[in-house]
Each structure stands twice: as structure tokens, then as C-alpha cells.
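> could you look at this predicted model? Sequence included:
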Amino acid sequence: MAASRPWSGPCAAPPPRDQGGTARSPPPSPAAPAGPPPPTATPAARPCRRNQPVPPSPPPAIARGQRINPRPSTPEVLEVSKRLLSSSALVAASLLTAGEAGAVERIKLGLGGFFSAFVVAGQEDDGVGEPGFARRGHKVSREAEIYFRGETTLDNGVQVGAIVELEAESCVDQIDESYIYVEGWFGRVQIGQKDPATDAMFYGAPTPITRHGVTTPTFTYHQFGTNAVATPVVIANLSGDAEKVTYFMPRFAGFQLGVSYTPDNCEEAFGAGGAGAFGCGGSYSGFQFENSAGQQAEIFEAAINFVEKFGEVDVALYAAYIRGNLESDVPVGTFKDQEQYGFGAQFGYAGFVLGGSYKHDNRGLAGPDLDRREWGLGLTYAFQAWTLGVQYYDGEVEIGAGLGEDSIEAVELGGSYELGPGIVLTGGVQFWKLDSDSAGIAARNDATIFIVGAHIGF
């Protein structure tokens, strides 16, 4: 298949665009801190695959610590849980009204997916003690997934389906995302391993180089060293692919609201952030611990967007808020409840797409001057089979009172050519500048990266 079915029914809306400007079907696809870091610690680097803008298709180990004043479920979390349970009950009632022979036909699985491959060369600071020391200056990269998708429509119009995304290039896990969904007059409910609503509803800077970008890149090739910013991520997303329940309201007058609830921010043998993050032990391991040092749980992630066309101008606006509930502060005074919020917008006219976004994250770390702020801006122009553009990123992380901040600036110039349906040739160049007020050369790097490759969607 070239791409998944766009959202239909009462939830119908123009599909959001990923940061490469490619239409994706809503809802689509960093993660929890890896290890109880000191207040000035660098956030865990992303795994081989992070929650990133998805291709044309359907759609982000800390040792268990002793229980020290674990946080109980807050009234807000309990209220969110009640609302999600109410939504689930509403869905169940809709399914029951279908009768014994509700489905027109049994669900049959179809295949889809993508394959991306790139040849990359570049240079970065590689002296002794610098991030690029003893690193080779070229490589071949790839990413691929096979999607198994099935859906049926009940006699009452309610759609029921399932999606399983198999990693064809497995760095961390074999299955990327897997979930079931029910969609009808009441909206859409998803249950399973899937990125939250804040990710699915995102609008921001378009990306010139397919599957890349500098605001929330799928691939990065230079080294971040000890720079606390590490991988840029302008999309608000705390729970990644952790097991969750997500509800999307029907779109009304251009507006749509989505909310996700994640009981425990962990994922199978590893965590929502990949190897080394929080692990659940799988779906058969029973209830999870609620006193894990530094782990965020009972995560509430909400987003709203507005999508409309005014004459010849396409407009999309986005806002998101996330709050986690800290399980255990070990060592004492190191962690706190994590909060993120973000905004984004995208405008299209006569082949031009202009977009940008901003995100703030307190990183779940206690103490003054430890927040993270980042933003991005992009512009692309599409004509005939070509798309050309530029994208800019600026991010900074405070590293403690009186210590200043680590920062990253990056620019991407590039384009793509649609060779045929689902077949894209792409390439360009990225410029990265990493700096630090106090961390020394290990957190500083200047890099220039050249990229050429192809992306195939099926």
C-alpha cells in the first residue's frame, strides 16, 4: 500500500504533515530519563529509533529504588483515569449495539510499510577529547518497517481495527508499535503501544530532506558528546511507545482535542526510551512497581489542534501539555514531577509550507536552572515532482545555578524528487554547532553532514 487510509467518519480532518511535509494519517509516531542522573546530567540519548515523524503510513534501566515518600495518584490523574474509563464504556456500548452479526466481514490483514536508505559523509571536531575523536567520516544508514493492518466496519458504522508495526531494521525492539482502535460518532479510542496524542496532533517545521530534519531528526550522524541538549526533540512527548489509552474527540469547526493516559512509563523488556530505560518485563508481568527511582508515571498528555482552509491558505495550529507523576525521589532532592508544554503552527499556500514550533521541558529534575527549551522553523516549496527547503533549530539546556547552559544550533538545506508513487530521492546538507558555557570541549562540536538517499513507501 502507498499509505494508510485517511481518517474518516466524524473524526475526518486533513491529515497532519510530518516534519518532512509528507501527509500522514492521524493519529500517527524523547523518552524517560535513562538512569537517575545528577541534577546536571545529560538526558539519555535516543535509541536507534525514536518517536519521530512517521513515513507515509499509519500512522518516543534505572534500578528500582527503595520507597521514599512515593507520590500517590493526584486528583487530576484520578479524574483523567475516570474520563478515559468513561470513554471506554461508551465505546463498549457502541460495540454492543451492533448486534450478534455486527461486522460486515471478518477483519483481514493487509501489508504496508516503508524502506529508507542513505549514504552519508561529513566532518566534525575530532581532536583528542572532542566528540568526534576517532570517528569515521562516512557511513550507510537505513530504516524499514512492515505494517500489518486490518479493519472492519460494523453494521452501526463503528470501525474496528488493529495495527502492528514490525521492525525490518531492528536496533532495539522487534515490534515498534502495536495497538487496536475503535472509531465512530463518539471519536476514536486507541489502546496499546503507541505514541501519545501530543505527538499525533503535532504541526511544526517542514523538513527538506526526507526522514531527516534538525528539529526532531530520525537520523543524526555527528556526536553530541556531553552536551546536555543531545538529540533535538521539539515535539511534546513524555511516554513514547509505552502502553496507554488515547482518546480523540470528533473534530468540530476545525478543532480537535486528544488525550492520552499512561499508567507506567515503561515498555516491554526495555523502556519507552529504548535499551537502558525503564522496563516493564512485558504485558504478562502483572502490575508494575510504583516506587521506581526517578521514573514518571500516571502521565497525562493532552493536545488540541485547529485545521482549516481559508481561501487558498491552509492553516494548522497546535498546542500541547504534559504532566507526569514522580514515583520516588531517590537520591532525595534529585527529581520532581515532569512537565512539558509546546506550541506549533503550519501554513500552506501555492506550494509553500511555512511552519514552526516551541517546546519547554523541566526534565523532571529538582533544583534551579535545569530546564530545557527548544524551537524550530522551516520553509519548503513544492513544484512539479520537486520539493526544496530549509529548516532551522535552536535548543538550550540549563546545567545548574551559575553554570550557564549547553546549546545547539543547526541548519538543514535540501530537497527531494518524487520518482514515482511512493518513491522519493532525497539529499542535502546539515550544519551543526554545539556549544557549552562550562562543560569544555567534550560538549562542543562543529559538524557538516552531506546526505543522499531514497525513501520507498508501500
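Looks like it arrived, so ask away.

> please name the bridge partners of residue 377.
On the basis of DSSP bridges, residue 377 is bridged to residue 356, residue 392.

> in contact with it, which residues?
Contacts for residue 377 (CB atoms under 8 Å, 6 or more residues apart in numbering) come out as 205, 355, 356, 391, 392. Any C-beta I mention is one placed from the backbone N, CA and C, and that applies to glycine too.

> make it 6 Å
205, 356, 392 (CB atoms under 6 Å, 6 or more residues apart in numbering).

> what about the second one, distance to residue 316?
Shown here: residue 356 relative to residue 316, a distance of 12 Å by CB to CB, to the nearest Å.

> more neighbours, these two?
Neighbour count, other CB atoms under 10 Å: between residue 356 and residue 316, residue 316 has more, with 25 against 22.

> look up how far residue 169 lies from the more buried one.
According to CB to CB, residue 316 stands 31 Å off from residue 169.

> tally of neighbours for residue 238?
Count around residue 238 with other CB under 10 Å applied: 28.

> so it belongs to a helix, correct?
No - with DSSP: H, G, I helix; E, B strand; the rest coil as the criterion, residue 238 is coil rather than part of a helix.

> what residues are up against residue 361?
340, 372.

> repeat for residue 176
Contacts of residue 176 by CB under 6 Å, 6+ apart are 145, 165, 167.

> any stretches of this protein with poor pLDDT?
For the chain, the stretches flagged by pLDDT under 70 are 1-103, 171-172, 268-279, 281-282.

> and the helices in it?
Residue ranges of the helices in the chain, as given by DSSP state H, are 75-96, 197-200.

> run the chain-centre distance for the shortest one.
The chain centre lies 7 Å from the centre of helix 197-200; the measure is CA atoms, centre = their mean, to the nearest Å.

> what packs against that helix?
strand 255-264, strand 296-310 (3 or more CB pairs under 6 Å, 6 or more residues apart in numbering; DSSP states H and E).

> go again with 10 Å.
Helix 197-200 sits against strand 243-248, strand 255-264, strand 296-310, strand 313-326, strand 339-349, with contacts defined as 3 or more CB pairs under 10 Å, 6 or more residues apart in numbering; DSSP states H and E.

> any idea which of those strands is most buried?
strand 243-248 (a mean of 24; mean count of other CB atoms under 10 Å).

> run the angle between that strand and strand 255-264 for me.
Interaxial angle, strand 243-248 versus strand 255-264 (axes from the mean of the first three to the mean of the last three CA atoms, to 10 degrees): 170 degrees.

> ok, strand 243-248: who's next to it in the sheet?
Neighbouring strands of strand 243-248 in its sheet, by DSSP bridges, are strand 187-193 (antiparallel), strand 255-264 (antiparallel).

> measure stretch 205-213 end to end?
The first residue of stretch 205-213 is 9 Å away from its last residue (CA to CA, to the nearest Å).

> how far is that stretch from where the chain is centred?
That offset, for stretch 205-213, works out to 14 Å (CA atoms, centre = their mean).

> stretch 146-154 now?
23 Å.

> what residues are up against residue 127?
Listed by CB atoms under 10 Å, 6 or more residues apart in numbering, the contact set of residue 127 reads 133, 441.

> rewinding a little: between the strands paired with strand 243-248, which one is closest to residue 372.
Smallest distance to residue 372 across the strands paired with strand 243-248 (CB to CB): 20.2 Å, for strand 255-264.

> tell me what angle the closest one forms with strand 296-310.
160 degrees.

> circling back: adding distance to residue 444, write the strands paired with strand 243-248 out as CSV.
Below are those laid out as CSV (distance: least, CB to CB, whole Å):
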stretch, distance to residue 444
strand 187-193, 38
strand 255-264, 36
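
> and residue 419, how many neighbours?
12.

> contacting residues around it?
So, once contact is read as CB under 10 Å, 6+ apart, residue 419 ends up touching 385, 425, 454, 456.

> narrow the residues you listed to just the buried residues.
454, 456 (16 or more other CB atoms under 10 Å).

> for the contacts of residue 419, give me CSV that also has distance to residue 141.
Formatted as CSV, the contacts of residue 419 follow (distance: CB to CB, whole Å):
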residue, distance to residue 141
385, 24
425, 16
454, 12
456, 15
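
> so which of the contacts of residue 419 are in strands?
The members of the contacts of residue 419 that map onto strands under DSSP state E are 425, 454, 456.

> and the first one, what are its bridge partners?
It stands for residue 425. residue 417, residue 454.

> quick check, nearest of the contacts of residue 419 to residue 184?
residue 456 (33.7 Å).

> surely that closest one touches residue 422?
Yes - Residue 456 is within contact range of residue 422, at 6.1 Å (criterion: CB atoms under 10 Å).

> wait, doesn't residue 148 sit right on residue 112?
Yes - judged on CB under 10 Å, residue 148 makes contact with residue 112 at a distance of 8.3 Å.

> ok, the two, which is more surrounded?
Ranked by neighbour count (other CB under 10 Å), residue 148 and residue 112 place residue 112 first, with 21 against 15.

> quick one: the more buried one and residue 211, what's the gap?
From residue 112 to residue 211 the distance is 16 Å (CB to CB).

> what's the answer for residue 144, then?
Distance from residue 144 to residue 211, by CB to CB: 11 Å.

> so those two - more neighbours on which side?
Neighbours were counted for residue 144 and for residue 211 using other CB under 10 Å; residue 211 has more, 29 against 16.

> any idea how far that one lies from residue 457?
On the measure of CB to CB, residue 211 and residue 457 end up 11 Å apart.

> now do residue 130
When distance is defined by CB to CB, residue 130 is 38 Å away from residue 457.

> contacts only, for the residue nearest to residue 439 when sequence neighbours are not counted.
Nearest in space to residue 439, with sequence neighbours left out and distances taken as CB to CB, 6 or more residues apart in numbering, is residue 226 at 5.5 Å. Residue 226 sits next to 41-42, 131, 399, 406, 434, 436, 439-444 when contact means CB under 10 Å, 6+ apart.

> in JSON lines, list the helices and strands packed on helix 197-200 along with distance to residue 135.
Formatted as JSON lines, the helices and strands packed on helix 197-200 follow (distance: least, CB to CB, whole Å):
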{"stretch": "strand 243-248", "distance to residue 135": "37"}
{"stretch": "strand 255-264", "distance to residue 135": "36"}
{"stretch": "strand 296-310", "distance to residue 135": "33"}
{"stretch": "strand 313-326", "distance to residue 135": "34"}
{"stretch": "strand 339-349", "distance to residue 135": "32"}
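
> so which of those is nearest residue 363?
Among the helices and strands packed on helix 197-200, the nearest to residue 363 by CB to CB is strand 339-349 (9.1 Å).

> from the contact counts, what lies against that closest one?
helix 197-200, strand 296-310, strand 313-326, strand 352-361, strand 372-383.
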